[in-house]
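Novice: Just to be clear, the model below is a prediction. Sequence and coordinates:
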Amino acid sequence: MKALHIITGLGIGGAEQQLRLMIRHLPVHSDVVTLTNPGPVAEALTADGVRVVHLGMTGNRDLRALPRLVSLIRSGGYDLVHTHLYRACLYGRLAARLAGVRAVVATEHSLGESRMEGRPLTAGVRGLYLAGERLGRATVAVSPTVAERLGRWGVPRRRIHVVPNGIDPGALRFDPGARRAVRERYGVPADAYVVGAVGRLVPGKRFDQLVDALSELPPGVRLMIVGGGPELPALRERARRAGVMDRVVLTGETRPVLPRPAGPGGPPVAPAAPGPPALSALLSAMDVLASPSPQEAFGLAAVEALAAGLPVRYVDCPALEDLPPGAAGDAERVAPGPAAFADAVRRLRDAGPRERTVPDAVHHYGIARSAEQLTRVYASVLDRP
């Protein structure tokens, strides 16, 4: 089988990195088209041996991209087209049908109750989405919560398939050496209690609440926020005004790990990437993962933190809420707001050191399992007359 993945951009983001991880585990030959922004994930995919084409789209209404995409699909001889993120789903589904490919799958990565990929869910956004959805054969939801939202929107439930985001548990294991190295790099004392957060620095993630919570906590508590985005200056200014800038670490974006050619008889080895340390090392340096976002489609950072043995405190996380009771280990939902997070951190810190244990949820979301589920979706749409 030959599949073409179409995605809006390949900068650092959950959907983009999830695409790379999934392609690594799918038993399918995959090429990738990015409509815009061939960022670090494009570089990583290319290093993996995946063909990546940048379409050079200049904006949402750059209709010149459509015939280019149709031509690319026709010339590639693809059996299936898989689209990711809102713009790519609209253009990709239409282009696939015009190119004669009817086996079209779309993954909905970022659908909240009132926002999709940061944009408000207006009647126009929803209407355009539903019109495009009818051009495909299956829509993949990354959680049962997202599947329910799609059904309430009007997507026929027979077309909705749940394939959760996946992680590589072994790559995220706690590493005491990495913990020491990361703390030394950022000037964090070995005995400090580090509250961590991971995600795009955008208003909807509400990382400002963690900065405010830090001002209510003792000097021995530090805040480490992993990610990049437009809210970076505002978070710095908020920390400065709160008098806690010396206790806040803003690491910036972590770059994907690139494979290095194997030595004689050995597997590929991951080289040291420029910029901040790998996510696994940063998670090892933390003592708790805090997720103040009020609307998540999945909550990948929380699952990755559990794989590193961290306790997790969150406002919204479908990935954990959709599990049976007790499967998520030391993960608890908290009320939104700085006071609630400050209280949760205070109680965890006062309880003293804890063993890093990995709960069942981590294995439930293993990438190999998710890849198997997606492969079955592919088979179902290809078999349909």
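Specialist: Received it, and whenever you're ready, just let me know what you need. Predicted, not measured: the structure shown is a model, and the values here were computed from it.
Novice: Now stretch 313-325: buried residues?
Specialist: Neighbour-count burial for stretch 313-325, counted by 16 or more other C-beta atoms under 10 Å, picks out 313-323. For every residue, glycine as well, the C-beta is placed using N, CA and C.
Novice: okay, these in a markdown table with secondary structure and distance to Gly151 next?
Specialist: Below are the buried residues of stretch 313-325 laid out as a markdown table (DSSP: H, G, I helix; E, B strand; the rest coil; distance: C-beta to C-beta, whole Å):
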| residue | secondary structure | distance to Gly151 |
| --- | --- | --- |
| Arg313 | strand | 30 |
| Tyr314 | strand | 24 |
| Val315 | coil | 24 |
| Asp316 | coil | 19 |
| Cys317 | coil | 20 |
| Pro318 | helix | 14 |
| Ala319 | helix | 19 |
| Leu320 | helix | 21 |
| Glu321 | helix | 17 |
| Asp322 | coil | 15 |
| Leu323 | coil | 20 |
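Novice: any chance of the residues you listed in CSV, with distance to Gln295 and pLDDT too?
Specialist: Shown next, in CSV, are the buried residues of stretch 313-325 (distance: C-beta to C-beta, whole Å; pLDDT from 0 to 100):
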residue, distance to Gln295, pLDDT
Arg313, 17, 98
Tyr314, 12, 98
Val315, 9, 97
Asp316, 6, 95
Cys317, 11, 95
Pro318, 10, 94
Ala319, 13, 94
Leu320, 15, 94
Glu321, 13, 92
Asp322, 15, 88
Leu323, 19, 88
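Novice: For these, which two are the farthest from each other?
Specialist: Greatest spacing in the buried residues of stretch 313-325, by C-beta to C-beta: Arg313 and Asp322 (17.9 Å).
Novice: sorry, back to before: out of the buried residues of stretch 313-325, which is nearest to Thr139?
Specialist: Nearest to Thr139 among the buried residues of stretch 313-325: Pro318, at 16.2 Å, using C-beta to C-beta.
Novice: Quick check: the closest one vs Leu111, distance?
Specialist: 10 Å (C-beta to C-beta, to the nearest Å).
Novice: which SSE is Asp62 in?
Specialist: Assigned by DSSP states H and E, Asp62 belongs to no helix or strand.
Novice: tell me the phi and psi of it?
Specialist: Dihedral pair for Asp62: phi -80, psi 80, per degrees, to the nearest 10.
Novice: Pull up the gap between it and Arg68, please.
Specialist: Asp62 is 10 Å from Arg68, by C-beta to C-beta.
Novice: rewinding a little: what is in contact with Pro318 and Leu111 at once?
Specialist: Shared contacts of Pro318 and Leu111 (C-beta atoms under 8 Å, 6 or more residues apart in numbering): 146, 297.
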